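Colleague: have a look at this prediction, sequence included:
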Amino acid sequence: MTLGGSLFISYSHLDAPWMQAYKKHLRGMLHERCSVWTDEEIAAGSTWEDTLLGHMQQAAAALVLVSPDYLVSPWCRRELKALAEAHTLGQVDAVYWVLLKPCGWQWKIGRASCRERV
């Protein structure tokens, strides 16, 4: 069975070892059913922002690896907002998240919105 689209992984580069572990596991598990995409696939010389945003928009689903480093990164916040909006509009079927380290994070079930706990 082939799944449409790809799985986009959003992460902080400071959490790269975690991303590598999840990517390896998911590529083995989803072998030939769905591609797993990270920014590591951006070719040298490419416009990374356009390439990354294009893959994010074409993804069937996303996996967000959440950590304090993720939440303080302006770029990660931009990705998170874009994924929440794409999910609300039905452009991304699902957004999954993994809490890597304790932090002020909450995904409100039933609404594609992200809120920080105070």
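Modeller: Here it is on my side, so go on. Numbers count the residues shown, from 1 in each chain.

Colleague: which parts of this structure are strands?
Modeller: 6-10, 35-37, 61-66, 94-99, 106-107, 114-115 (DSSP state E).

Colleague: among the ones you listed, which is nearest Glu49?
Modeller: strand 6-10 (14.0 Å; Cβ to Cβ). No exception for glycine: its C-beta is placed from N, CA and C like everyone else's.

Colleague: Ser73 is nearest to which of the strands of the chain?
Modeller: Relative to Ser73, the nearest member of these by Cβ to Cβ is strand 6-10, separated by 10.1 Å.

Colleague: what average pLDDT does that closest one get?
Modeller: What strand 6-10 shows for mean pLDDT is 93.

Colleague: for it, packing partners?
Modeller: When contacts are defined as 3 or more Cβ pairs under 8 Å, 6 or more residues apart in numbering; DSSP states H and E, strand 6-10 packs onto helix 16-29, strand 35-37, helix 48-58, strand 61-66, helix 74-88.
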